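Q: Return a 3D structure for these sequence lines:
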Amino acid sequence: AVVQTETDEFGSAESAFEIAKPVMLEPALPRFANISDKLALRAVLHNETDFSGEVEVRVELDDTATADTTTRRLPLAARESAAVDFFVEFKNAGTAKWKWTARFLADDGKTAFRDTVQSTLKVGYPVPLLREVHLRRTEAAEAELLEKVNPVLLDGAGVVRVSVSNSRILEMAESIEQLLHYPYGCVEQTTSSMLPWLTLQDFRESLPSLKHTEAETRAVVNRSIDRIFTMQTASGGLAYWPGGQEPMLWGSAYGGLGLALAKRAGYEVPAESFDRLCKYVSAQLRGMGEGADKLDHYGFNERCLALYMLALSGRAEPAYHELIFTRRAGLTSENRALLALAILESNGAREMAAELLDPKAPEKIHDDGMFWNASRGQATRLLAWSLYQPEAPAMDTLVADLFGGRTSGHWRTTQGNAWSLLALTNYIKRVETGDKLIAGTVAWAGQSSAFQLAKDAPLHLASFPLNAENGVQPMKIANPDKKRVFIEVEIESRPRVVHQPRQDRGYGLSRTYAKIEDDDTLSELKDAKVGDRVLVTLTLTARENARFLAVEDPLPSVFEAVNPVFKTQETKAGAALGRDWVSDYKELRDDRALFFCDQLFPGTYTIRYLARVRAAGTATAPSAKVEEMYHPERFGMTETQLVSTGALK
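A: Okay, the predicted model is just below:
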């Protein structure tokens, strides 16, 4: 147990206990597995008695895996341990729950002992699932739902999920999924993933991802608040990554915006820490009068965002509203909207907001290369108009343009999705009218699911298994009363071919494995045994300047990553760890290694880290990937690789 005070004083205490049964069975599994892996799963037996005898070990598998045999017998001497292996092939994804049983009978034929244990193991898929989301609304008596789906997905195996609702909020479902499940956790992404819980409380029954209890919702938001403050620096500002030392004005303003919204929603935000954050943001505005002429589009963007955040926090800076207003002719439309939001939130001059939002003003759009997204600019204008004149005809045009800018049901990046969510929520609340009582049926491949929508039951979920036979058949929704219904169809499909080729969409990426010998020299990875060390090398080629790059390297299930800060783990032959690539943040997880760089110049870079062989068998190493987090269309991937290892030396 560890305790820490606000002044960085620490204390700790510990205690221990042991469970010592006469005969014990201990599964020694890898940390995870993937479909198609063939592994030797080991269990270790401990005989703590003075009897020798024979032990029968049995494993009861679920549908995630199959084995050539699930029962083995072996002798077990007194006061000794022994290992037993089961050769397993993984067939289905999910969380494997297996029951292991050991029955020991002593040589005297009378003395018997038994031990039973359950193990769990996450089983994934070695290549990304093919996934599409299609949104539609209809007032027809019958409609076909799969007509625009890529036939490649329908030829695979997986699931088709259909959501039917009487509310247009369902059209936000995929963007919410993208926010909630984005895999990284910088200040921007942590804040963005918190926003759905704060802004959509009234729609939780209409959105599958948010159908959680109040206690569960509060726990998620509180974790996000805590994580944001792990990025607070000594200055009070927020760094981009947890534990960072350099504050970032844009990240501080955006994180502060999320915290201000959390306070408005009734969540407890540490007052002293939030006060320090607001003071930092306010201090960064000082001196802007002399330097405003030198600011670029990004410089104005972070300051306009800062002014909006301070206004939301009840700490408006009207003098700086007026200062930037005098330079409105050079502002992008997004920055004009942010400044208008700051003015309106602080009950400033509506005439200033009107001029900033004037649709006749010259349109200035500029990709600042940081977090910009075209949909974000549209969303900030819509959000400002919803405060200024929510009934204005301009609202409908902005909404149509924003919804029309989606790709696969969302706005491409966390910034596009987050600001679109903020902008559209109030609009949808205002236009939610009409008959809520709708009845009908979704039918596919001999299966049907009836729905009965009402005001207090606005969502119906149906799930259908996908296989090659079902995929050629039409899926129909019946709506006999011809009422307006909103539909989301999500298709997840596993490709028939597991092994994937290398891809270069702006970045070259390759991966090699080398065995580290006992004298720390490197050799080809062959005949590797459980316990051997492996050097993983990623070679990245960037052809242009890049911002906020993420490199994700999934491990094969026979490996586990080793913390690279251990200097004793460095190797000979010039292969030092991570000398060419400088990570602004990195994580080693059970199944992957993650490296992030906030700014990268053109060139070739090398990332190296250590792994250790944890299990025997043959496993697929999924493709490593590099992508720009805010320009995901620019990425690179390695090919998948097969890795074979043997039993312990």
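
Q: Flag the shaky bits of this structure, pLDDT-wise.
A: For the chain, the stretches flagged by pLDDT under 70 are 291, 364-369, 431-435, 564-580, 648-649.

Q: any idea how far Thr64 is from the residue of it most remote from its centre?
A: Note on the chain: the largest C-alpha distance from the chain mean falls to Asp108, namely 57.2 Å (C-alpha atoms, centre = their mean). Asp108 is 39 Å from Thr64, where distance means C-beta to C-beta, to the nearest Å. Placement of C-beta: from N, CA and C, glycine included.

Q: before we move on, what about Leu398?
A: In terms of C-beta to C-beta, Leu398 sits 48 Å off from Thr64.

Q: Of the two, give the one with the bigger neighbour count.
A: Leu398 (23 against 20; other C-beta atoms under 10 Å).

Q: For the residue farthest from the centre of the chain, give me its contacts.
A: By C-beta atoms under 8 Å, 6 or more residues apart in numbering, the contact set of Asp108 is Phe51.

Q: heads up, I number from 193, so please use that
A: Sure, I'll start numbering at 193, so the last one becomes Asp300.

Q: Identify each buried residue in stretch 377-389, please.
A: In terms of neighbour count (16 or more other C-beta atoms under 10 Å), stretch 377-389 has its buried residues at 377-389.

Q: wait, stretch 827-841
A: Phe827, Gly828, Met829, Thr830, Thr832, Gln833, Val835, Thr837, Gly838.

Q: Now His823: closest residue in space that isn't a chain neighbour?
A: Counting by C-beta to C-beta, 6 or more residues apart in numbering, Thr605 is the residue found nearest to His823 once chain neighbours are left out, at 7.8 Å.

Q: What distance do you get for that neighbour to Glu779?
A: 21 Å.

Q: And for Phe793?
A: Taking C-beta to C-beta, one finds Phe793 at 24 Å from Glu779.

Q: With neighbour numbers in mind, choose between the two.
A: Shown here are Phe793 and Glu779; by other C-beta under 10 Å, Glu779 has more neighbours (16 against 9).

Q: Ser416 versus the closest residue in space to Thr425 that isn't next to it in sequence, what's the distance?
A: Leaving aside its sequence neighbours, Thr425 sits nearest to Pro439 (C-beta to C-beta, 6+ apart; 4.7 Å). Distance, Pro439 to Ser416, using C-beta to C-beta: 19 Å.

Q: between the buried residues of stretch 377-389, which is closest to Gly428?
A: Val379 (13.7 Å; C-beta to C-beta).

Q: Identify the residues contacting the closest one.
A: Listed by C-beta under 8 Å, 6+ apart, the contact set of Val379 reads Ile420, Met423, Leu430, Ala431, Tyr432, Trp433, Met440, Gly443, Ser444, Tyr446, Gly447.

Q: I'd say the last one and Ala431 touch.
A: The reference is to Gly447. No - if you go by C-beta atoms under 8 Å, Gly447 and Ala431 don't touch, sitting 9.9 Å apart.

Q: Now list whatever residues contact both of these two.
A: Val379, Met423.

Q: These two: which is more packed in?
A: Between Gly447 and Ala431, counted using other C-beta under 10 Å, Gly447 has the larger neighbour count: 31 against 23.

Q: elements contacting the helix or strand that contains the more buried one?
A: Element membership for Gly447 (DSSP states H and E) is helix 441-456. Identification of packing neighbours for helix 441-456 by 3 or more C-beta pairs under 8 Å, 6 or more residues apart in numbering; DSSP states H and E yields helix 379-391, helix 406-421, helix 463-476, helix 489-504.

Q: So what sits opposite Val194 in the bridge?
A: Val194 has these beta-bridge partners by DSSP bridges: Ser204.

Q: was I right about it contacting Phe202?
A: Yes - Val194 is within contact range of Phe202, at 6.8 Å (criterion: C-beta under 8 Å).

Q: Longest helix in this protein, please.
A: helix 606-623 (DSSP state H).

Q: Buried residues in that helix, which are they?
A: 606-617, 619-620.

Q: Would you convert the residues you listed into a markdown table that also reports distance to Ala269?
A: Shown next, in a markdown table, are the buried residues of helix 606-623 (distance: C-beta to C-beta, whole Å):
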| residue | distance to Ala269 |
| --- | --- |
| Thr606 | 59 |
| Gln607 | 64 |
| Gly608 | 65 |
| Asn609 | 62 |
| Ala610 | 63 |
| Trp611 | 68 |
| Ser612 | 67 |
| Leu613 | 64 |
| Leu614 | 68 |
| Ala615 | 72 |
| Leu616 | 70 |
| Thr617 | 68 |
| Tyr619 | 75 |
| Ile620 | 71 |
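
Q: who's Val315 bridged to?
A: Ala225, Gly286.

Q: ok, how many other residues are close to it?
A: 20.

Q: Spit out the contact partners of it.
A: Phe224, Ala225, Asn226, Ile227, Thr256, Ala257, Phe282, Asn284, Ala285, Gly286, Thr287, Ala288.

Q: Tell me the one among those nearest to Ala484.
A: For the contacts of Val315, the nearest to Ala484 is Phe224 (52.7 Å; C-beta to C-beta).

Q: and the closest one, how far is that from Val728?
A: To Val728, Phe224 is 17 Å away according to C-beta to C-beta.

Q: Which one of those two is surrounded by more residues?
A: Between Phe224 and Val728, Val728 has the larger neighbour count (other C-beta under 10 Å), namely 23 against 20.

Q: Flag every buried residue along stretch 437-453.
A: By neighbour count on 16+ other C-beta under 10 Å, the buried set for stretch 437-453 is 439-453.

Q: Likewise for stretch 540-552?
A: Gly540, Met544, Ala545, Leu548, Leu549.

Q: what separates the last one from Asp593, distance-wise?
A: Per C-beta to C-beta, Leu549 is found 15 Å from Asp593.

Q: now do the first one
A: Remark: distance between Gly540 and Asp593 (C-beta to C-beta) = 27 Å.

Q: How about the fourth one?
A: Remark: distance between Leu548 and Asp593 (C-beta to C-beta) = 19 Å.

Q: Equivalent analysis for the third one, please.
A: Counting by C-beta to C-beta, the gap between Ala545 and Asp593 amounts to 20 Å.

Q: tally of neighbours for Thr810?
A: The number of residues packed near Thr810 is 17, by other C-beta under 10 Å.

Q: ugh, wrong one, Thr518
A: Around Thr518 there are 9 residues (other C-beta under 10 Å).

Q: Over to Trp603?
A: Trp603 is flanked by 26 other residues according to other C-beta under 10 Å.

Q: quick one: it and Ser567 touch, right?
A: Yes - using C-beta under 8 Å, Trp603 is in contact with Ser567, at 4.1 Å.

Q: what is in contact with those two at once?
A: Shared contacts of Trp603 and Ser567 (C-beta under 8 Å, 6+ apart): Gly597, Ser612.

Q: Cool, thanks, talk later.
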